[in-house]
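> what's the 3D shape of this:
(one chain, ligands or ions: 2)
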Amino acid sequence: MSKMRLIVAGAGGRMGRALVRAIADSDGAVLAGALEAPTSDLIGKDAGVLAGLPANGIKLSADLWAMSADADGILDFTVPAATIANVAIAAERGLVHVVGTTGLSSSDDAVIKSVTKRAIVVQSGNMSLGVNLLAALVRQVAKSLDTGFDIEILEMHHKHKVDAPSGTALMLGRAAADGRGISLEDHSARGRDGITGARRSGDIGFASLRGGTAAGDHSVIFAGPSERLVLSHQAEDRMIFAHGALKAALWAHGKPPGYYTMDDVLGLKDLF
Ligand SMILES: NC(=O)C1=CN([C@@H]2O[C@H](COP(=O)(O)OP(=O)(O)OC[C@H]3O[C@@H](n4cnc5c(N)ncnc54)[C@H](OP(=O)(O)O)[C@@H]3O)[C@@H](O)[C@H]2O)C=CC1
Ligand SMILES: O=C(O)C1=N[C@H](C(=O)O)C[C@H](O)C1
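Ligands and ions are numbered 1, 2, ... in the order given. A predicted model of the protein is given here:
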């Protein structure tokens with residue numbers, strides 16, 4: 001079978017470079033294009049060289065329409081405005097669109113879902129196996145414990161990260177809210193500072209730390225009377241996200257148009 005032809009969006013970024021390496025190592029995919037911001041100094045540079053590999057002849061370009069004429073999918077780890085611009089082209093071309101970008105607003109998410117009658121979208125705030133298993137466990141624990149247990153989510157990332165809470169923290173918060181049968185939007189506590197008053201019962205709290213090179217640490221704390229249960233995951237290398245994204249693209253290739261998550265890719269929907 002021929003290899004899946006993939007475009008990496010944000011090819012000059014941290015995840016973009018990791019994705020170029022993951023594709024180079026893969027038997028099932030080949031790099032078909034490398035997208036960057038039109039303002040980037042990296043336009044015209046070789047994607048392989050930027051990723052620390054031998055030159056592969058794929059030059060960074062800002063023209064997704066041209067590079068997608070002969071592609072099967074796009075791995076998109078960029079910024080919200082770029083991802084939203086890519087959605088329409090991916091749908092028009094019938095590409096698999098793997099969306100890893102975080103910091104998307106609820107209206108951005110609505111735009112992404114609006115094209116899934118025509119497009120094949122796989123979206124997740126975290127593409128790693130470990131975090132998606134963690135989310136399934138959090139949902140189950142939240143279902144088992146009553147509201148006497150307060151739920152707090154703590155995350156730490158490298159100093160360059162621009163959005164908070166992380167997409168993963170929000171995903172874990174949503175899993176906890178699902179388990180409890182509540183809406184996260186109505187039961188979140190974000191950015192406590194100053195005289196905040198006592199904790200509102202039933203809220204899911206978020207706290208974000210930034211520093212150094214941390215690839216992504218997440219803990220979900222169930223704090224009850226005289227005991228605490230902590231479920232956590234530490235990413236040691238961002239290649240785990242790149243391998244997850246590549247797995248998602250290969251899984252989605254040939255699937256009917258629709259909206260999918262890593263639960264579909266990893267078969268976690270029926271775990272509990
Ligand atoms: N779902 C998951 O598993 C994971 C998600 N992420 C998310 O992925 C995103 C990227 O993370 P990271 O790689 O660390 O960030 P970087 O800032 O290193 O990379 C983002 C890249 O996107 C580029 N970019 C900006 N605008 C456009 C555009 N219009 N078209 C194409 N490319 C563009 C940036 O270019 P420039 O610098 O010139 O602006 C930059 O090279 C973040 O939202 C992060 O949270 C990260 C890891 C895992
Ligand atoms: O920006 C990052 O680095 C990461 N972003 C994702 C998030 O916001 O959760 C996933 C991972 O934690 C790394």
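
> Tell me how many other residues surround the residue in the stretch 1-150 of the chain positioned nearest to ligand 1.
For the stretch 1-150 of the chain, the residue closest to ligand 1 is residue 13, as judged by CB to the nearest ligand atom, at 2.1 Å. For every residue, glycine as well, the C-beta is placed using N, CA and C. A count of nearby residues for residue 13, using other CB atoms under 10 Å, gives 20.

> residues contacting the closest residue to it other than its chain neighbours?
For residue 13, the nearest residue in space outside its immediate sequence neighbours is residue 77; the separation is 6.6 Å by CB to CB, 6 or more residues apart in numbering. Under the criterion of CB atoms under 8 Å, 6 or more residues apart in numbering, the contact partners of residue 77 comprise 9-10, 13, 15-16, 19, 100-101, 241, 245.

> With residue 137 instead?
Shown in contact with residue 137 (CB under 8 Å, 6+ apart): residue 231.

> avg pLDDT for the helix or strand where it lies?
Secondary structure assigned from DSSP states H and E places residue 137 in helix 129-144. The predicted model assigns helix 129-144 a mean pLDDT of 98.

> Say whether ligand 1 is contacted by that helix.
No: under the criterion of CB under 6 Å from any ligand atom, ligand 1 is not reached by helix 129-144; the shortest gap measures 7.8 Å.

> Can that helix be said to contact ligand 2?
No: no part of helix 129-144 sits near ligand 2 under the criterion CB under 6 Å from any ligand atom; the closest distance found is 7.5 Å.

> For residue 193, grab the count of nearby residues.
Here the neighbour count serves as a burial measure; for residue 193 (other CB under 10 Å) it reads 5.

> any idea what it is structurally, helix, strand or coil?
When the structure is split into helix, strand and coil by DSSP: H, G, I helix; E, B strand; the rest coil, residue 193 lands in coil.

> And for residue 102?
Going by three-state DSSP, the secondary structure assigned to residue 102 is coil.

> Also residue 44?
Following three-state DSSP, residue 44 is assigned to coil.

> Check residue 174 too.
Here residue 174 takes the helix state, with states given by three-state DSSP.

> isn't it right next to residue 184, touching?
Yes: with contact defined as CB atoms under 8 Å, residue 174 reaches residue 184; the gap is 5.2 Å.

> how close does the closest residue to residue 217 other than its chain neighbours sit to residue 119?
Nearest non-adjacent residue to residue 217, counting by CB to CB, 6+ apart: residue 156, 4.4 Å away. Relative to residue 119, residue 156 is positioned 34 Å away (criterion: CB to CB, to the nearest Å).

> So the two - more neighbours on which side?
Ranked by neighbour count (other CB under 10 Å), residue 156 and residue 119 place residue 119 first, with 22 against 19.

> separation between the more buried one and ligand 2?
22 Å (CB to the nearest ligand atom, to the nearest Å).

> Could you do residue 152 as well?
Applying CB to the nearest ligand atom, one obtains 17 Å for the distance of residue 152 from ligand 2.

> quick one: that residue is in a strand?
Yes: secondary structure of residue 152 (three-state DSSP): part of a strand.

> before we move on, back to that, quick check: bridge partners of the residue nearest to residue 217?
Taking DSSP bridges, one obtains residue 209, residue 217 as the residues bridged to residue 156.

> ok, it - contacts?
By CB under 8 Å, 6+ apart, the neighbours of residue 156 are 208-211, 214, 216-217.

> near ligand 2, from these?
Near ligand 2, taking CB under 6 Å from any ligand atom as the test, the members of the contacts of residue 156 found are residue 216.
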